[in-house]
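Q: the following comprises the amino acid sequence and a computationally predicted model.
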Amino acid sequence: MEKTSISGIRFNPPDLSDGGKKLHQEIGIGKVPFPTYLSFRPLINQMTKTAREKNLFEFVTEGESVLKRLNEMPELMGPVTDPNLLNENRPLVNFLINSVLPPVSQDHTLAKLSIPFQLNAFYMTPALQELNDNHNVQYEINRDPQLMYCATLVGACVLVLNRFYGQNIDIEPPFSISVTYPESKIQRFFKLKMDTSFVDIKATKPLKPLSQDDINNLLSNIYDTDLWLRAMPADHFEFHGFTINSMLEITEEEALSRIKQQLLRKEAIVNQRNIETLEGLLQTFFKMKDLRLGLTAIDYPIENTVAHKYKIRFDFLAEEMDQLLGAANQNSIYEKACRYREVLLIEDLKTLAQPTPIEEGLLDKGIRSIIVAPLFNKYDQVIGLLEIGSPRPYAMHSFVELRFKDLLSLFSMAVERSRKEIDNQVEAIIREQFTDVHPSLEWRFIEASYNLMEKREANDGMGSMEPIIFSDVHPLYGQADIVNSSNIRNKAIQDDLIDNLERVKSLLKRCGETTPF
């Protein structure tokens, strides 16, 4: 439908002929069955009442002027059935819209005005209009259309309960929408909020009697739309006015929530695809498309290193270096982060005076700025490293570091859980395959058990234990004995028994002298 620009107000004249059914069908969300009509009467009534109560003389004068003109145009007071009336009364409609959406905020406020509980809008703010006009933007609603229909219908019925049945129920369905910009691939998340302050309800038929128990039963069955419509039939009520539908950005909160959910999944950090998913969520969280994520399980000091791997090796240099904390990498950013147990921020790796092979390798990988942090288990031991980087110098700075620190506990718990799961699997294989293992040789059996675990994962549970052979091992045998040690031991036992008997004999003699039998 053609869009019309009117004195700074850009209208999308709604198609009132079908009640918005077509748009609902296109999106797949059912239309609320209550009759709904566009009307400015609730707004005018509230404006005039507020102005008079607060003694706003200038506003009252202007409001009364608007009211006088509306009295001369009862068709605009509603219900408005002809969308051309909006165009024919530009100054009046401008005033009404600007009273609920101040012009100074419209350039950055994502909002639209709609007929109650309908998707099509008769006005959008410039910010939302610009977003809508960008046809490359992809939208995704985070809830099932049927669930959205249920919530919208129940929301309308709750207004009826509040208006006619003395209730004070406040509901706000948790709907959100994600918007993806293809040119940057960055997602932004918005919470959908509907303001019904300017909606009036008319009862067209006698109210059905509802007790408090009936109302409580309705609130306990919010997905049973038939039950709600039996209590408040659609042909008993009409909704007049308009709703203000706004999109409040919650990108950071939603991205953080999804990061938490992703880290709780099985194999969340032992699978390359899952790591890439986490990287995408971090790009959204930091609003930085070129952000890269690195994660590895590591033990510090090196003496704490276990005899098997943890399958968590997704750091930036995973393919180039076997040991991030080897002797050759002393004083690297990784080693310093572990040694000082602190988050380390490098705005530009090229500015380092004495780079180690680690920093040189990162530059070769295209990383210019980086933040590295050690991850700890519940015993406060270093068990991993988390890093984010960018090819742009100073892309990582102190404000990014502050938000980065909020994520460390989440990744620490994920690494600790994954390490524990792998340790348990290795221990189970050792119990299954071997008898008691001498501590000095345990490392080799742990290594073999880990290898068997990987074979089974790669071959649908099939695999056999590899032979455990110690090359170039020469056993030494020896025997030591103390000459005549058995005789000496027996003589000591005999002397001990004789001493005990002598003591018993002395005790009995004293008892007999004291108490004769």
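A: Done, it's in.
Q: mind listing the strands for the stretch 251-400 of the chain?
A: 292-300, 344-346, 369-376, 382-390 (DSSP state E, counting those that start in this stretch).
Q: TSV please, covering the ones you listed and showing mean neighbour count and distance to P206.
A: (Each C-beta comes from the backbone N, C-alpha and C, glycine too.) Shown next, in TSV, are those (neighbours: other C-beta atoms under 10 Å; distance: least, C-beta to C-beta, whole Å):
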stretch	mean neighbour count	distance to P206
strand 292-300	21	63
strand 344-346	18	70
strand 369-376	23	66
strand 382-390	24	64
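Q: of these, which approaches G326 most closely?
A: G326 lies closest, by C-beta to C-beta, to one member of these: strand 292-300, at 11.5 Å.
Q: figure out how far that closest one is from the centre of its chain.
A: Relative to the centre of its chain, strand 292-300 is centred 21 Å away, using C-alpha atoms, centre = their mean, to the nearest Å.
Q: repeat for stretch 388-407
A: The answer for stretch 388-407 is 19 Å, by C-alpha atoms, centre = their mean.
Q: I'd like the strands of the stretch 251-400 of the chain laid out as CSV, including mean pLDDT and distance to T125.
A: Listed next are the strands of the stretch 251-400 of the chain as CSV, based on pLDDT from 0 to 100; distance: least, C-beta to C-beta, whole Å:
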stretch, mean pLDDT, distance to T125
strand 292-300, 92, 36
strand 344-346, 95, 39
strand 369-376, 96, 37
strand 382-390, 94, 34
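Q: for these, which one sits closest to S184?
A: Per C-beta to C-beta, nearest to S184 of the strands of the stretch 251-400 of the chain: strand 382-390, 14.3 Å.
Q: what's the angle from the closest one to strand 369-376?
A: 160 degrees (axes from the mean of the first three to the mean of the last three C-alpha atoms, to 10 degrees).
Q: renumber starting at 54 from here on
A: In the new numbering, first residue 54, that becomes strand 435-443.
Q: okay, now the unreliable bits of the stretch 104-253 of the chain?
A: 104, 107-121, 123-124, 188-189, 195-196, 227 (pLDDT under 70).
Q: thinking again about what came up before, for F523, which of the strands of the stretch 304-453 of the chain is the nearest?
A: That would be strand 345-353 among the strands of the stretch 304-453 of the chain, by C-beta to C-beta, at 24.5 Å.
Q: now that closest one and strand 435-443, what's the angle there?
A: Going by the same axes, to 10 degrees, strand 345-353 makes 160 degrees with strand 435-443.
Q: coming back round to it: mind putting the strands of the stretch 304-453 of the chain in JSON lines, distance to A284 included?
A: Formatted as JSON lines, the strands of the stretch 304-453 of the chain follow (distance: least, C-beta to C-beta, whole Å):
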{"stretch": "strand 345-353", "distance to A284": "52"}
{"stretch": "strand 397-399", "distance to A284": "60"}
{"stretch": "strand 422-429", "distance to A284": "54"}
{"stretch": "strand 435-443", "distance to A284": "53"}
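Q: shaky segments in the stretch 304-453 of the chain?
A: 356-362.
Q: can you rerun that using 80?
A: Within the stretch 304-453 of the chain, the stretches with pLDDT under 80 are 354-364, 379.
Q: just the helices in it please.
A: 304-316, 325-339, 386-393, 410-417, 451-458 (DSSP state H, counting those that start in this stretch).
Q: which other helices and strands contact the third one?
A: Just to be clear, that refers to helix 386-393. Under the contact criterion of 3 or more C-beta pairs under 8 Å, 6 or more residues apart in numbering; DSSP states H and E, helix 386-393 touches strand 345-353, strand 397-399, helix 410-417, strand 422-429, strand 435-443.
Q: mind putting the ones you listed into a markdown table with distance to R509?
A: Below are the helices and strands packed on helix 386-393 laid out as a markdown table (distance: least, C-beta to C-beta, whole Å):
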| stretch | distance to R509 |
| --- | --- |
| strand 345-353 | 20 |
| strand 397-399 | 38 |
| helix 410-417 | 33 |
| strand 422-429 | 28 |
| strand 435-443 | 25 |
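Q: of all the ones you listed, which lies closest to R283?
A: Nearest of those (C-beta to C-beta): strand 345-353, 52.7 Å.
Q: tell me what angle the closest one forms with helix 325-339.
A: 110 degrees.
Q: give me the contacts around strand 345-353.
A: 322, 328, 331-332, 335, 358-359, 363-369, 371, 377-378, 391-392, 420, 427, 434-443, 464, 468, 471-472 (C-beta atoms under 8 Å, 6 or more residues apart in numbering).
Q: can I get the CA coordinates of that strand in PDB?
A: Extracted in PDB, the C-alpha atoms of strand 345-353 (Å, rounded to 0.1, in the frame of the first residue of the first chain):
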ATOM      1  CA  ARG A 345      37.200 -14.200  17.100                       C
ATOM      2  CA  LEU A 346      36.900 -16.600  20.000                       C
ATOM      3  CA  GLY A 347      39.600 -18.900  21.300                       C
ATOM      4  CA  LEU A 348      39.200 -21.500  24.100                       C
ATOM      5  CA  THR A 349      41.500 -24.200  25.400                       C
ATOM      6  CA  ALA A 350      41.800 -26.500  28.400                       C
ATOM      7  CA  ILE A 351      45.200 -26.000  30.000                       C
ATOM      8  CA  ASP A 352      46.900 -26.800  33.300                       C
ATOM      9  CA  TYR A 353      49.100 -24.300  35.200                       C
END
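Q: give me the angle between that strand and helix 410-417.
A: Using the same axes, to 10 degrees: strand 345-353 against helix 410-417 is 170 degrees.
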